[in-house]
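Visitor: Give me the fold of what follows.
(one chain, ligands or ions: 2)
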Amino acid sequence: MSMKILVTGGAGYIGSHTCLQLLRAGHDVVVVDNLVNAQEEAMRRVQTLAGREFAFYPFDVCDDNMLDKVFSEHSFDGVIHFAGLKAVGESVSIPLRYYSNNLVSTMTLCRVMDRHNVKRLIFSSSATVYQPGSPMPVNEEAALGCTNPYGWTKFMGEQILRDIAAADPEWSIVLLRYFNPIGADASGMIGEDPSGIPNNLMPYITQTALGRLAQLSVFGDDYDTPDGTGVRDYIHVVDLAQGHMDALNYAARNTGSVAINLGTGVGYSVLDIVHAFEKVNGVKVPYQIAPRRPGDVAAVYADPRRAKELLGWQAEKGLEDMCRDSWRWQSMNPKGYAAE
Ligand code: NAD
Ligand code: UD1
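Guide: Ligands and ions are numbered 1, 2, ... in the order given. The predicted structure is shown next:
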């Protein structure tokens, strides 16, 4: 059955891939994104790839009046809420900006949804809500607790949504806890386009392979992991997008709230990623071993069983796909969307 979905933050990295997947599956999307961390060009490319147009509203989700207008103009079957700020370091230096943006947007959205009787919501949470030191693989029952304001906005966002679902049994809310999304659509037309010097591993690798950055710093080689470098659960963004479609279908059949990990269940080290990237793409990624990055832990990877059980979802793509698709996007768009 075809659905009409409001996608907040739909111009961003995960949002643009999810919009494309929804359109390809025959659903309709409407995007609200204030472009604080995205380019409108991403939306044009999604329309080109899908061969279909959709409504795009460039405003802030914290704006109740504007959001109300969108809900008056369209009749939605559900909402995917990607909009949010996500830079961990910046959240430590400007905490108020993070708490305001990420929490006010979520509360405003829920208020407007409630007013228009749209009560199906998929929320972008993160593996960062799990207490550091949790045993791995980590399942959804593990203790929660964060180390930075960004993480706390996800923790608090989850709590607000659980309370809303508990107070009104008509709500259906899925809290998706993403592990480390990388990769891009196989077309190479859309992908991750961080502003400035990347904080995350894969964009740092692709920009180093391009020659835009001199070399990768591997943050620590003395962790208690097989090769000493940090281990994470990297997940292809196309698999992640599919997880959102499956979550929408789940929300159409169930009420209440539930947290679900979206990860592969497999951990790879920093050097696994570097070596796979070099091999698959036939390029060099110069690197040096550097001190540990403050706040990092040795290993984080998911227990993905609940996603399989409740959503019928599991990751399909492997490390080679992730490395190949990340590089195709970066090499076809050396300056990201900026060149347009
Ligand atoms: P992104 O920055 O590419 O996308 C977020 C989008 O939201 C951007 O397009 C931005 O312009 C928009 N936005 C931010 N605040 C807004 C507001 N108030 N009103 C309207 N638009 C707003 O990030 P992403 O990687 O695509 O992440 C999407 C979501 O998933 C975020 O909530 C993020 O915190 C969460 N998440 C991301 C990761 C990751 O590694 N990428 C991991 C876990 C969770
Ligand atoms: C980081 C955030 C996390 C957020 C996630 C997705 C921190 C502490 N955590 O997770 O909250 O949800 O991004 O946005 O910032 N690495 C290097 N060199 C680099 C970059 C990274 O060696 O230049 C290593 C890291 O030490 C880590 C791995 O690569 O072991 C992955 O790092 P990254 O991509 O930043 O993701 P996380 O730290 O897992």
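
Visitor: who touches the lowest-mean-pLDDT helix or strand in the chain?
Guide: For the chain, counting by mean pLDDT, DSSP states H and E, helix 88-93 ranks last in confidence among helices and strands (a mean of 95). With contact meaning Cβ atoms under 8 Å, 6 or more residues apart in numbering, helix 88-93 is reached by 85, 97-98, 128, 148-151, 153, 199, 295. Just so you know, the C-beta spots here come from the backbone N, C-alpha and C atoms, and that holds for glycine as well.

Visitor: Render the CA-only coordinates of it in CSV, please.
Guide: What follows is helix 88-93 as a C-alpha-only set of coordinates in CSV (Å, rounded to 0.1, in the frame of the first residue of the first chain):
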residue,chain,number,x,y,z
VAL,A,88,29.6,15.5,18.9
GLY,A,89,32.5,18.0,19.5
GLU,A,90,30.3,21.0,18.6
SER,A,91,27.7,19.8,21.0
VAL,A,92,30.3,20.0,23.8
SER,A,93,31.2,23.6,23.0
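
Visitor: so where's the protein shaky on pLDDT?
Guide: In the predicted model, the chain carries pLDDT under 70 at residues 339-340.

Visitor: Please, where are all the helices along it?
Guide: Along the chain, counting by DSSP state H, helices occupy 13-24, 40-50, 64-73, 88-93, 95-99, 105-115, 149-167, 201-210, 237-253, 270-281, 305-306, 319-332.

Visitor: can you pull the contacts of the residue of the stretch 1-150 of the chain found nearest ligand 1?
Guide: As assessed by Cβ to the nearest ligand atom, ligand 1 sits closest to Gly12 within the stretch 1-150 of the chain, at 2.0 Å. Shown in contact with Gly12 (Cβ under 8 Å, 6+ apart): 33, 37-38, 42, 82-83.

Visitor: got it, and Gly267?
Guide: Listed by Cβ under 8 Å, 6+ apart, the contact set of Gly267 reads 136, 231-233, 299-301.

Visitor: Burial check on the residue lying closest to Met322 once chain neighbours are set aside, number of neighbours?
Guide: Using Cβ to Cβ, 6 or more residues apart in numbering and skipping the chain neighbours, the partner closest in space to Met322 is Gly183 (4.2 Å). Neighbourhood size, Gly183 [other Cβ atoms under 10 Å]: 27.
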